[in-house]
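[1] What would the 3D arrangement of this be:
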Amino acid sequence: MASSLDFSKWWAKENSRKGNPVVVTMENPNYSVLEINGPDSAFQSVGKERGRNAKQFTWVLFLKAHRAVGCVAWLGNVLWALLGGIKKRLVFGKGVSMENEKSGKGKLLFRVILTFLVMTLTFLIFEIVAHLKGWHYFQSHNLHIPQTLEIKGWFHTAYIMWLEWRADYIAPPIQSLSTFCVALFLIQSVDRMLLCLGCFWIKYKKIKPKIEANPFKSDDLEGSKCNYPMVLVQIPMCNEREVYEQSISAVCQVDWPKDRLLIQVLDDSDDESIQWLIKGEVSKWSQKGVNIIYRHRLVRTGYKAGNLKSAMNCDYVKEYEFVAIFDADFQPNPDFLKQTVPHFKDNPELALVQARWAFVNKDENLMTRLQNINLCFHFEVEQQVNGIFFNFFGFNGTAGVWRIKALEESGGWLERTTVEDMDIAVRAHLDGWKFIFLNDVKVLCELPESYEAYRKQQHRWHSGPMHLFRLCLPAIISSKIVFWKKANLILLFFLLRKLILPFYSFTLFCIILPLTMFVPEAELPVWVICYVPVFMSLLNIIPAPKSFPFIVPYLLFENTMSVTKFNAMVSGLFQLGSSYEWVVTKKAGRSSEPDLLAAEERESKAMNYQLIRGTSDSGLSELNKLKEHQEAAPKPPVKKMNKIYKKELALAFLLLIAAFRSLLSAQGVHFYFLLFQGVTFLLVGLDLIGEQVS
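    Now for the predicted structure:
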């Protein structure tokens, strides 16, 4: 019997032993000797204080118990809410619509996952029946195959045949594929570690692009504007009702001489009401003296690449030396051009200066927080390291300044892929141009807040590079750049970071791991499931240290997104139907800074007052027509619904079944990983993460 522990006696017991008298000699002659007979003779309140501490200890235990009960209650509420969401969306179908798969590849992947789900469910029933009958052969890796005398009944015979067939024919290919994926996983992990070490070296040595002197400084005040180069600013947009106003407003407030700057608003909107809104915004800033024009294409061919190509064919573009590009949700600071354009001076080989993105809604919900972790690592580690050590990185499509000469000599904007930004960057690199990344220059923008918008964005970002890789591979091999630059483009830039990452993430953690629960002869070590992924997630979170509490959700969500990324990667690699699909990412129109909006409101009122008093009749007539059209235009009906994603749901049930199967094998780490990963897939499949629109 275990001995009982009486903490109150241990805390409040009185020491009855009388120690030897203690003699203390003081330096002061008035007090020479002090005699203490026992430990409590001079301090009478010790016992009382110890009794009070025992009560405090009891209260601490009560508080900890209360917290534990609260934790259990919170988990119960979360589970109850999850079950309620499942009942509402799966059983009754309230406020949801089923995902519409347009590509044959998406349907094929769903059928493959569904086949695995049916197989694992069948295997689970088979194993449970065998477990209840006492055939515990699968608990040991050295399986005991019973002899003929031990066989009792046809079901037992079938079970023995399954064990033999599993060990001889199923386990070897799974183990080989598992070993291959683990090798890719380790290679990608080494690459990630080297990138982080490069980032640490940059921080330690304080390496960053610098401007030697002020290139715009001139002793002649009247001719000082001549030092400013001609800059063209392009804002491509398409049906950007939520963000067009703030993006145009931010760009029009850029600090640059007005006669050296031209702003092109490139509108591809097919909604006439949005066209009139954008025209009104352009007219407003034009009346304030900003050199801004509005261009609209009737036919939206080539998506964003076609829009930019059409704008660059204008005759007046020949007068400009540089072009800055901002997507519709980007809001540059007034000093953006003064922080980027000076890097081109005395550097004729420089083609691109890329700024970093910053996000106005990174704390909006869990999904925006997880996206912020990924993009912080992308900019601070990947882009910065590649820019410093290789003078090359993929153009992010916005918040960058290009030398127009480099664009023209590299072939200009091409409409062959949905990643026209990466396409022009690769071609410029093959022509010998150099790039600079400025980690200190940040441009505000938005993150997609709904899973649907994020999913479509990631599909384009992962299918486009694979499509581009097919098109660019012959040009890379035959180019005149040095061998190590070719190897960096093919092996690191395309294969390792664009193809291998989604392949092994999906195959290893979503297919092989649950299958090893039913085929114990092929197993994944614990360090592959737990230690290495957690270490890699820690490296990813280093650039965003405030996101450290979200390391576990980040790891699980990244594995969940591997389904979308794998599907997109295969679509782009084999040039399937969805590889050239462009869907504009939905924005919420989050404001950047309260003072910016207040200033905009004040300027708008001042402009209206100025127009009433001093504008010509033709200008007033045009603005009145715009206003009447805006008021007369009917507002489109807004009908948004959450979606149910079939592939994610099928994988959720597959992982949960594998988690239940792992209980029979008493595999603790595998069970917890499969359980939490399955719940994450379930949340994503029911569209319970991110913005709830219904």
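
[2] Quickly note the distance from the closest residue to Ala544 other than its chain neighbours to Thr516.
    Spatial nearest neighbour of Ala544, excluding adjacent residues (CB to CB, 6 or more residues apart in numbering): Cys376 at 4.2 Å. Where C-beta positions appear, they are placed from N, C-alpha and C, glycine not excepted. Here Cys376 is placed at a distance of 34 Å from Thr516 (CB to CB, to the nearest Å).

[3] again with Glu523
    5 Å.

[4] So between the two, which is more surrounded?
    Higher neighbour count among Glu523 and Thr516: Thr516, with 24 against 19, using other CB atoms under 10 Å.

[5] one step back: so which helix or strand takes in the residue nearest to Ala544?
    Taking DSSP states H and E as the criterion, Cys376 maps to helix 366-377.

[6] from the chain's centre, how far out does that helix sit?
    Relative to its chain's centre, helix 366-377 lies at 4 Å (CA atoms, centre = their mean, to the nearest Å).

[7] Grab the nearest non-local neighbour of the most centrally placed residue in the chain.
    Taking CA atoms, centre = their mean, the centroid of the chain lies closest to Gln371, which sits 2.8 Å from it. When the adjacent residues along the chain are set aside, Gln371 lies closest to Leu447, with 4.9 Å between them (CB to CB, 6+ apart).

[8] Wait, the one you found touches Asn372, no?
    Yes. Between Leu447 and Asn372 there is a contact under CB atoms under 8 Å: 6.9 Å.

[9] okay, and the common contacts of these two?
    Contact criterion CB atoms under 8 Å, 6 or more residues apart in numbering; residues shared by Leu447 and Asn372: 359, 362.

[10] List the residues that contact Tyr244.
    237, 274, 277-278, 281, 328.

[11] Disregarding residues adjacent in the polypeptide, which is nearest to it?
    Nearest non-adjacent residue to Tyr244, counting by CB to CB, 6+ apart: Ile278, 5.3 Å away.

[12] correct me, but that neighbour touches Asp271?
    No. The pair Ile278 / Asp271 is not scored as a contact, 10.2 Å apart, by CB under 8 Å.

[13] for stretch 402-420, what is the average pLDDT?
    Stretch 402-420 shows an average pLDDT of 94 in the prediction.

[14] Let me see the ranges of the helices in the stretch 101-250 of the chain.
    Under the criterion DSSP state H, counting those that start in this stretch, the stretch 101-250 of the chain carries helices at the ranges 104-132, 154-165, 171-205, 244-252.

[15] Now the longest one: buried residues?
    This means helix 171-205. Of all the residues in helix 171-205, those buried under the rule 16 or more other CB atoms under 10 Å are 171, 174-175, 177-178, 181-182, 184-185, 188, 191-192, 195-196, 198-199, 202.

[16] Quick one: the strands in the stretch 351-500 of the chain, in order.
    Remark: strands assigned in the stretch 351-500 of the chain by DSSP state E, counting those that start in this stretch are 400-403, 434-445.

[17] Deepest-packed of those, please.
    Among the strands of the stretch 351-500 of the chain, strand 400-403 has the highest mean neighbour count (mean count of other CB atoms under 10 Å), at a mean of 24.

[18] Mind listing the strands it pairs with, and their directions?
    Partners of strand 400-403 in the sheet, by DSSP bridges, are strand 322-325 (antiparallel), strand 350-359 (antiparallel).

[19] Between the two ends of stretch 313-328, how far is it?
    21 Å (CA to CA, to the nearest Å).

[20] can you give me how far it is from the chain middle?
    Distance of stretch 313-328 from the chain centroid (CA atoms, centre = their mean) equals 31 Å.

[21] what's that stretch in contact with?
    Stretch 313-328 is contacted by residues 229-238, 240, 243-244, 247, 251, 262, 308, 311-312, 332, 336-337, 340-341, 344, 397-405, 407, 443, 445, 587 when judged by CB under 8 Å, 6+ apart.

[22] Mind checking the pLDDT average for that stretch?
    Taken as a whole, stretch 313-328 has an average pLDDT of 94.

[23] Which positions within it qualify as buried?
    By neighbour count on 16+ other CB under 10 Å, the buried set for stretch 313-328 is 317, 320, 322-328.

[24] Can I get those residues in TSV including distance to Trp59?
    Below are the buried residues of stretch 313-328 laid out as TSV (distance: CB to CB, whole Å):
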residue	distance to Trp59
Val317	76
Tyr320	74
Phe322	69
Val323	68
Ala324	63
Ile325	63
Phe326	59
Asp327	57
Ala328	58
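
[25] Which one of those is nearest to Ala544?
    Closest to Ala544 out of the buried residues of stretch 313-328 is Asp327 (22.1 Å), distances taken as CB to CB.

[26] Which of the helices or strands spans that closest one?
    Per DSSP H and E, there is no helix or strand for Asp327.

[27] in stretch 388-395, what counts as buried?
    388, 390-395.
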